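**Q** My questions concern the predicted model and sequence given below.
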Amino acid sequence: MTRRISIFGATGSVGTSTLDLIGRDDDAWSVVALTAHSDVPALAAAARAHSAEVAVIGQEALYADLKEALSGSGIEVEAGAEALVDVARLDVDWTMAAIVGTAGLEPTLAALERGNSVALANKESLVSAGGLMMEAVRASGATLLPVDSEHNAIFQCLAGSRLEDVRRITLTASGGPFREFTRDQMAAVTPAQAVKHPNWSMGAKISIDSATMMNKGLELIEADHLFPIGLDNIDILVHPQSVIHSLVEYRDHSTLAQLGSPDMRIPIAHALAWPKRMATPCQPLDLVTIGRLDFEAPDQVRFPGLRLAREAARAGGGHPATLNAANEVAVAAFLSGRIGFLDIATIVEEVLAGYSAPKPRDIAGILEADGQAREAASRIVERVQA
Ligand code: NDP
Ligand code: MG
C-alpha cells in the first residue's frame, strides 16, 4: 500500500537522507509536500524527482523563483512560514520533521496535532516546547517516532516495554572533534574545524552543537520528554566510536543497547518502516574491524553546555526554550566568524542567568521566551565582538 508522506527540511542532511531511502522504493511512497528555507534549486529538483504534490519555500521572497523553477511540472508552489504550517496540516500518513531550529516548531506541532506518524529529527522544537508537543501527541493520538539516533536507539531498546520497568537511560556521545582538546586549544578553533565531525556527516548547526556538546544537552531534554523516567535517571556516556547509539537499563539490571554504523539512514529507515523493517544501503556493522569500543565520563568543565542544559531542564518553564534560542544565535554568530568557540556556552549561560518569567502556557509564551533570548544573545554577541 502506498503511504502518503511529507518531508519538512527536505534539502537538509536528514531530509536528503530520507529522500534517498524513499527513492529506492518509489512505489511504496507518494510524496505530498517537500519544504526548504532558501535552497530553491535543490527543492525544485527534489520535488520534480519525487513528483511531489506541493513544494514550500520558507523565505516568502523566493516564491517567484520556485514558481519558475517548477513551471510546467504541475507541482503546487507555496511560500512563507504560514504556508509551512498549513501544509503540515495536510492529510498524510507520515511526516518527517527535519527543519533545523525553532523554525521547525510550528510546522512540527501542526503535524502532531493532525495526528498519524511524525518522525522527529527537529530536536530544538521538543527542547523548547516539549510539554506542549507531548500534549498534542496525546490529544491527537499521533505516533511520535524519534529519529535522533540516540532516541531512536532508546525507542528500539524499549520495544514496547513499560517505562516503570526502566531504571536508567544512557545517551551515548561521540565527544565531537574536540573531545581531547583543552579549553585553551578550544579557544582558537575555527568554524571549519568545528563542523568536521569525526563520525557523522550532518548540517552545520548540529555539527557545532556536537563540538560544544550542547547537542547532548539538547538530547538530554529531548529524552526527558520522550521517555519521562526522571532527569536524574538519564545519563550521558562518551563513546568515541559512535557504534552504540544508546542504552536502556531495566530494573532487573538487564541492559539493552542498539548498535549500528553511524549513518542516519538507519534510524530514518526505522522510522519510515515502523513497525516493520526495511532494507537500507548502509554499511553493516563489522565489529571485528572496529575492534574495540571505548567509554569515558563526560567532562562538564570543558563542555559547559552539558551542565547548562541539565540546569535548564531542571528549572523547566521557559528555561529550555531560552537555552535553545540563545544557543541558536550563538552558533550562528560563531559560524559567521563573529565570536569564538568558547563564547557560545558563555553567551548561553549569561542569557539563562538573566531569564526570569512565569512558565509559558502556550506556544505564544514559548515563542516570546525564544524571542527575548534571541535579543539578549544578539546583544551579547555585539558586545563580545566589539
Ligand atoms: P540542515 O541544516 O542540513 O538542513 C536544515 C533543513 O531545514 C534544510 O532543508 C533547510 O532549508 C531547512 N530550514 C533551515 N532554516 C529554516 C527556516 N527558518 N524555515 C524553514 N526551513 C528551514 O540540518 P540537518 O538535516 O542536519 O538537521 C535537521 C534537524 O535534524 C535538526 O534539528 C538537527 O538537530 C536534527 N538532527 C540531525 C541529524 C543529522 O545527522 N544531520 C542527526 C540528528 C538530529 P535550506 O536548505 O533551504 O536552507
Ligand atoms: Mg543525536
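**A** On my side now, so go ahead. Source: prediction; values computed, not measured. Ligands and ions are numbered 1, 2, ... in the order given.
**Q** Am I right that residue 32 is in a strand?
**A** Yes - secondary structure of residue 32, determined by DSSP: H, G, I helix; E, B strand; the rest coil: located in a strand.
**Q** residues touching it, list them.
**A** Residues counted as contacts of residue 32 (C-beta atoms under 8 Å, 6 or more residues apart in numbering) are 4, 5, 6, 52, 53, 54, 90, 92. Glycine gets a C-beta too; all of them are placed from N, C-alpha and C.
**Q** Can you lay out these as JSON lines showing distance to residue 145?
**A** Output for the contacts of residue 32, formatted as JSON lines (distance: C-beta to C-beta, whole Å):
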{"residue": "4", "distance to residue 145": "16"}
{"residue": "5", "distance to residue 145": "12"}
{"residue": "6", "distance to residue 145": "14"}
{"residue": "52", "distance to residue 145": "21"}
{"residue": "53", "distance to residue 145": "22"}
{"residue": "54", "distance to residue 145": "23"}
{"residue": "90", "distance to residue 145": "19"}
{"residue": "92", "distance to residue 145": "14"}
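**Q** Now the buried members of those residues.
**A** Neighbour counting over these (16 or more other C-beta atoms under 10 Å) leaves 4, 5, 6, 52, 53, 54, 90, 92 as the buried ones.
**Q** In space, what's closest to the residue of the chain found nearest ligand 2 - neighbours in sequence excluded?
**A** Residue nearest to ligand 2 within the chain (C-beta to the ion): residue 148, separated by 4.2 Å. Closest residue to residue 148 apart from its sequence neighbours, by C-beta to C-beta, 6 or more residues apart in numbering: residue 123 at 5.6 Å.
**Q** my read: that neighbour touches residue 216, true?
**A** No - when contacts are counted by C-beta atoms under 8 Å, residue 123 is not listed as touching residue 216 (10.8 Å).
**Q** Looking at the two, which one has more neighbours?
**A** The neighbour count for residue 123 versus residue 216, taken as other C-beta atoms under 10 Å, is higher for residue 123 (29 against 26).
**Q** coming back round to it: burial of the residue of the chain closest to ligand 2, as a residue count?
**A** Using other C-beta under 10 Å, residue 148 has 27 other residues around it.
**Q** which residues sit in contact with it?
**A** Contacts for residue 148 (C-beta under 8 Å, 6+ apart) come out as 120, 121, 123, 219, 222, 267.
**Q** most surrounded residue in those?
**A** Using other C-beta under 10 Å as the neighbour test, these are led by residue 121, with 32 neighbours.
**Q** List the backbone torsions phi and psi for the residue in the chain that ligand 1 sits nearest to.
**A** Proximity to ligand 1, evaluated over the chain using C-beta to the nearest ligand atom, is greatest for residue 12 at 1.9 Å. Note on residue 12: its backbone torsions stand at phi -90, psi -170 [degrees, to the nearest 10].
**Q** Contacts only, for it.
**A** For residue 12, the set of contacting residues under the criterion of C-beta under 8 Å, 6+ apart consists of 36, 98, 99, 100, 203.
**Q** Save the contacts of residue 32 as JSON lines, and put in distance to ligand 2, secondary structure and pLDDT too.
**A** Rendered in JSON lines, the data for the contacts of residue 32 read as follows (distance: C-beta to the ion, whole Å; DSSP: H, G, I helix; E, B strand; the rest coil; pLDDT from 0 to 100):
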{"residue": "4", "distance to ligand 2": "27", "secondary structure": "strand", "pLDDT": "98"}
{"residue": "5", "distance to ligand 2": "22", "secondary structure": "strand", "pLDDT": "98"}
{"residue": "6", "distance to ligand 2": "22", "secondary structure": "strand", "pLDDT": "98"}
{"residue": "52", "distance to ligand 2": "27", "secondary structure": "coil", "pLDDT": "98"}
{"residue": "53", "distance to ligand 2": "31", "secondary structure": "coil", "pLDDT": "98"}
{"residue": "54", "distance to ligand 2": "30", "secondary structure": "strand", "pLDDT": "98"}
{"residue": "90", "distance to ligand 2": "28", "secondary structure": "coil", "pLDDT": "98"}
{"residue": "92", "distance to ligand 2": "25", "secondary structure": "coil", "pLDDT": "98"}
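**Q** pLDDT at the residue of the chain closest to ligand 2, what is it?
**A** Reading off the confidence values, residue 148 has pLDDT 98.
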